[in-house]
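Colleague: predicted coordinates and the sequence they were generated for:
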Amino acid sequence: MKTPLRIGLLATAAFAATALYAANTARPATMLVLDASGSMWGQIDGKAKIAIARDAVGAMLDDWQGGDLGLMAYGHNRKGDCADIEVLQAIGPDTAAGIRKRVDALNPKGMTPISESVRQAAAQLHFTERKATVILVSDGEETCSANPCALGKELEAAGVDFTAHVVGFDIQKGSKAHQQLQCLAANTGGRYVDAKDAGELNRALQSVAKAPASPPAKPKAIENLKPAKGCMLYAGDNFKGESLLIGDKGYEDEMPPGWDNRVRSLKCSARSGLYFYNDRAREGDYLMIEDGGERNHLGAVASSYIYFGTFAEDEDVPDAQK
């Protein structure tokens, strides 16, 4: 049983740690969020993914230059519990030893609450008050009835300078997990990196964790770059029949008038893509068409999804023309 004195000392220590962190808000701060769901016991080249992740995190910590760092994990305490999310190392300086110890002790068991974990990580970072970065490593899709893609947009809008870098570990390209994780990163201005094995996971974590020595240089204008034109919808399969061009602004809330249940195929121009959702809250099933992508034989079910607009990369313009 904890005595009142012990409880008081613990509370004082927790308050001191929080005050110390708040006093250093000028320092970069990052929360590493690790997937410790049951699927992390899967193997790659005869080695459990959780063991590969431990090694990769250790290598990242060896060269960490990104300021204050903390650790959060999900799915490591209980099976079937979407609330199984825990801060294992509070954000602060000189946390490498503590993070190594806690990562080595992880025992994957449960669900994959990606969205809630990233939301809680952002809160820990005081993302509405200061620059904040989350590094997420996940080997699967959201399993707790939430939408990482929509969350990314929400956090980007609410934060001062919020970024989520995402490493998709052993993720199949084009899968729902791939789409969710890629969209979460893109909607916060972060990077998405695929990692298929131990070597790629090491390189991926090193890549997203490296602190830039100086502000990145402005990209050079690309000559003769064609602007994003949007996506063409077709009423027939094989890109035939009546068509309708959805430009880079798109329709924000619904399918264009008269096109419900009619879209059977579509093509997007270079540097353009789109999303279909089956509910206005953007929390259910969705279909993502990547930049320059196309889909055929959609069928009535997919074409009845509520349409939430195209997205497009900005065209690079020489400074003299700005």
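Modeller: Done, it's in.

Colleague: which residues in the chain form helices?
Modeller: 4-22, 49-62, 96-104, 114-124, 148-158, 176-186, 198-209, 299-303 (DSSP state H).

Colleague: so can I have TSV of the ones you listed showing distance to Met288 and mean neighbour count?
Modeller: Where you see a C-beta, it was placed from the backbone N, CA and C, and this is true even at glycine. TSV is the format used below for the helices of the chain (distance: least, CB to CB, whole Å; neighbours: other CB atoms under 10 Å):
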stretch	distance to Met288	mean neighbour count
helix 4-22	37	11
helix 49-62	25	20
helix 96-104	32	16
helix 114-124	16	22
helix 148-158	8	20
helix 176-186	5	23
helix 198-209	22	20
helix 299-303	12	14
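
Colleague: please report how far Met288 lies from Leu205.
Modeller: To Leu205, Met288 is 25 Å away according to CB to CB, to the nearest Å.

Colleague: thinking again about what came up before, out of the helices of the chain, nearest to Lys240?
Modeller: helix 299-303 (14.6 Å; CB to CB).

Colleague: what's the average pLDDT for that closest one?
Modeller: Average pLDDT, helix 299-303: 72.

Colleague: next: stretch 254-272.
Modeller: The average pLDDT within stretch 254-272 is 83.

Colleague: show the contacting residues for Ala121.
Modeller: Met31, Val33, Met72, Val134 (CB atoms under 8 Å, 6 or more residues apart in numbering).

Colleague: tell me the bridge partners for Met288.
Modeller: Beta bridges link Met288 to Tyr275 when assigned by DSSP bridges.

Colleague: OK, contacts around it?
Modeller: With CB under 8 Å, 6+ apart, Met288 has these contacts: Cys149, Gln179, Cys183, Gly273, Leu274, Tyr275, Phe276.

Colleague: could I get the residues you listed as TSV with distance to Gly299?
Modeller: Output for those, formatted as TSV (distance: CB to CB, whole Å):
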residue	distance to Gly299
Cys149	23
Gln179	19
Cys183	23
Gly273	20
Leu274	17
Tyr275	18
Phe276	12
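
Colleague: list just the nearest of these to Ile171.
Modeller: Closest to Ile171, out of all of the contacts of Met288 and judged by CB to CB, is Gln179, at 9.8 Å.

Colleague: widest-spaced pair of the contacts of Ala121?
Modeller: Among the contacts of Ala121, Met72 and Val134 lie farthest apart (CB to CB), at 8.7 Å.

Colleague: look up how far Gly98 lies from the closest residue to Met72 other than its chain neighbours.
Modeller: Take Met72 and drop its neighbours on the chain: the residue closest to it by CB to CB, 6 or more residues apart in numbering is Val33, 4.8 Å away. Separation of Val33 from Gly98 (CB to CB): 16 Å.

Colleague: again with Asp161
Modeller: Taking CB to CB, one finds Asp161 at 26 Å from Gly98.

Colleague: what's the pLDDT at Ile246?
Modeller: pLDDT, Ile246: 84.

Colleague: neighbours of it, how many?
Modeller: Using other CB atoms under 10 Å, Ile246 is surrounded by 22 other residues.

Colleague: what about the strands in the stretch 201-322 of the chain?
Modeller: Ranges of strands within the stretch 201-322 of the chain are 231-234, 243-246, 265-268, 272-277, 286-289, 294-295, 306-312, based on DSSP state E, counting those that start in this stretch.

Colleague: fine, thanks again, bye for now.
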